[in-house]
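**Q** here's my sequence, what's the structure:
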Amino acid sequence: VRRANYSLNKLLNKMERIMATAKLGDCVQINYHRVPTPGITTAEKTCEFTVGGSEIVASISTGVIGMNPGERKQLTLPPTEAFGAVQAKLIRQIPRKHFPQKMALKVGKRLTAVNSTTGLRQRVTILEVTAESVRVDGNHLLAGQEVVVDVTMVSVASASAKKRSDNKRRVTKFDLGDSK
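**A** Modelled structure (predicted):
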């Protein structure tokens, strides 16, 4: 009898694990953070979405298929799903006279540029400094690069359970964080 109970419990545990595996259409909750890049830090965040849905980038939406609660995985996002491609129009040559005379301008320094026409602010990185001009890049520091995201599955609810709880479901936004 003990052996039969043990076997039955083992089978039930296995079935629970299989049933908790994320499948297309399931509602899942994950904790995630961008794997650190030197000089850039991000905090862990939580996100809830439908597996295979469009609420989140495709690499994560489908990358969690087969995961169980408590399981951890690293997913790689292509530039188009992360911070985009490098945009040449955001790299500009600015006459040196537009910068304060005493400002220390070094390659790699981050500045906030202000558009004199619109007043909009934009973070830029100094790429090159000459006596006549300063070349700056307004692209995100990670533009054009793949981004690795560490994902931990928190919970999995079947599509039918999701339909029952849609009224209570909170919408969360996927955010890779910002570089300061």
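
**Q** got any ranges where the protein has weak pLDDT?
**A** Along the chain, the model assigns pLDDT under 70 to residues 1-19, 38-41, 160-180.

**Q** can you give me the helices in it?
**A** All helices of the chain, identified by DSSP state H, fall at 2-19, 58-61, 159-165.

**Q** and stretch 122-136, end to end?
**A** 11 Å (C-alpha to C-alpha, to the nearest Å).

**Q** repeat that for stretch 53-64.
**A** 12 Å.

**Q** paired strands for the longest strand along the chain, with orientation please.
**A** In the chain, assigned by DSSP state E, the strand with the most residues is strand 147-157. According to DSSP bridges, strand 147-157 forms sheet pairs with strand 27-34 (antiparallel), strand 72-77 (antiparallel).

**Q** please identify the most buried of the ones you listed.
**A** Comparing the strands paired with strand 147-157 by mean neighbour count (mean count of other C-beta atoms under 10 Å), strand 27-34 ranks first with a mean of 20. Just so you know, the C-beta spots here come from the backbone N, C-alpha and C atoms, and that holds for glycine as well.

**Q** dump the C-alpha coordinates for it into CSV.
**A** C-alpha atoms of strand 27-34 as CSV (Å, rounded to 0.1, in the frame of the first residue of the first chain):
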residue,chain,number,x,y,z
CYS,A,27,-1.1,33.6,-18.7
VAL,A,28,2.3,33.8,-17.1
GLN,A,29,4.1,36.0,-14.6
ILE,A,30,7.8,36.4,-14.8
ASN,A,31,10.5,38.3,-12.9
TYR,A,32,13.2,39.6,-15.2
HIS,A,33,16.2,41.9,-15.5
ARG,A,34,18.7,42.8,-18.2
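
**Q** centre of the chain to it, how far?
**A** Distance of strand 27-34 from its chain centroid, counting by C-alpha atoms, centre = their mean, to the nearest Å, is 10 Å.

**Q** stretch 71-84 too?
**A** Using C-alpha atoms, centre = their mean, the offset of stretch 71-84 from its chain centre is 6 Å.

**Q** could you do stretch 75-95 as well?
**A** Taking C-alpha atoms, centre = their mean, one finds the center of stretch 75-95 at 15 Å from the center of the full chain.

**Q** which other residues reach it?
**A** Contacts with stretch 75-95, where a contact means C-beta atoms under 8 Å, 6 or more residues apart in numbering, come from 57-60, 63, 127, 132-149, 151, 176.

**Q** and if we set it to 6 Å?
**A** Here stretch 75-95 makes contact (C-beta atoms under 6 Å, 6 or more residues apart in numbering) with 57, 59-60, 63, 133-140, 142-144, 146-149, 151.

**Q** what's the burial count for Thr80?
**A** Using other C-beta atoms under 10 Å, Thr80 has 11 neighbouring residues.

**Q** swap that for Val151, please
**A** Neighbour tally, Val151, other C-beta under 10 Å: 20.
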